[in-house]
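[1] fold the stuff below for me.
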Amino acid sequence: MIDIQSQFDDRNIPIDKVGIKNLRYPITVLDKGSGIQHTVALINMYVDLPNEYKGTHMSRFVELLHLLKPEVSLKKISSILLQMKSHLNAASAHIEVTFPYFIKKNAPVSKIPGFMDYTCKFTGTSSAEDEIDLISEVIVPISSVCPCSKEISDAGAHNQRGRVELRTRFKKFIWLEDMIKLVEQAASCEVYSVLKRVDEKAVTEKGYDNPKFVEDIVRDIALELKADNNIIWFSVSAENFESIHNHSAYAQIISS
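    Now for the predicted structure:
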């Protein structure tokens, strides 16, 4: 059969990224407590396309996913990036794997168990020189109490939910659970899936006693990361969905 994708293209324009986007695919990921965890990912896969080729072979991207078998780890992603370049005659390759990750979490006082879900993401790129760049990302829901509101109010202080996005590059493997724990410890208080009245009292009082601006949250996380010799780069952002304003509060730190 005629291979249309491999035919010559006379427009002489290379394409930076071409591939598939938002493919839903079952995977297993490493779980610090249980060994592995089954989940479902949204996967984007791209390669570059030289100017002389009309198109890439889209079906090969899906075929290559079976190389994960079906574990997703940074080591497997490094391997599949090289396979993408080889099978698709590309100089560079890129993959993004986004998935929900569940952690069992007990309420702070009643100890009733529940499951918190966190959005996590692995991003990998292989350059034309076969240099591999890997980034691990977690998106963590938090709660915060406004220090200014607490200081100027005769009673109470406004609080809100928010989220922190933490992306890291590192020398050695880092657990998703450890990234999530680092973020939660920097918030006014953690978020839980199950809370009885004694738990609501505890988290409300904890947050009130630990007010944080978004600036405080990202700075506290950055301090911890800068002190960790395993971390070679990070980006951390915090967004509070303000309860008394018609906008969000936002802060970001990107390491040099």
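
[2] can you count the residues close to Val183?
    Using other Cβ atoms under 10 Å, the number of residues around Val183 comes to 25. No exception for glycine: its C-beta is placed from N, CA and C like everyone else's.

[3] what about the one helix or strand it maps to, distance to the chain center?
    Val183 belongs to helix 176-186 when assigned by DSSP states H and E. Using Cα atoms, centre = their mean, to the nearest Å, the mean C-alpha position of helix 176-186 is found 12 Å from that of the whole chain.

[4] for stretch 20-33, same thing?
    12 Å.

[5] again with stretch 133-145
    Taking Cα atoms, centre = their mean, one finds the center of stretch 133-145 at 6 Å from the center of the full chain.

[6] OK, contacts around the closest residue in space to Lys105 that isn't next to it in sequence?
    Among residues not flanking Lys105 along the chain, Met116 sits closest, at 4.9 Å (Cβ to Cβ, 6 or more residues apart in numbering). Listed by Cβ atoms under 8 Å, 6 or more residues apart in numbering, the contact set of Met116 reads 102-103, 105, 141, 191-193.

[7] quick one on the thing from earlier: quick check: what element follows the helix holding Val183 along the chain?
    Following helix 176-186 in sequence, per DSSP H and E, is strand 189-190.

[8] mean confidence (pLDDT) on that following strand, please.
    Averaged over strand 189-190, pLDDT sits at 96.

[9] check contacts around Val62.
    20, 23.

[10] what helix or strand is it on?
    With DSSP H and E as the criterion, Val62 is inside helix 58-65.

[11] which helices and strands does the helix or strand of the chain with the lowest mean pLDDT pack with?
    Least confident element among the helices and strands of the chain, by mean pLDDT, DSSP states H and E: strand 71-72 (a mean of 80). For strand 71-72, the packing partners by 3 or more Cβ pairs under 8 Å, 6 or more residues apart in numbering; DSSP states H and E come out as strand 15-31.

[12] partners of the strand it packs on in the sheet?
    strand 35-49 (antiparallel), strand 71-72 (parallel) (DSSP bridges).
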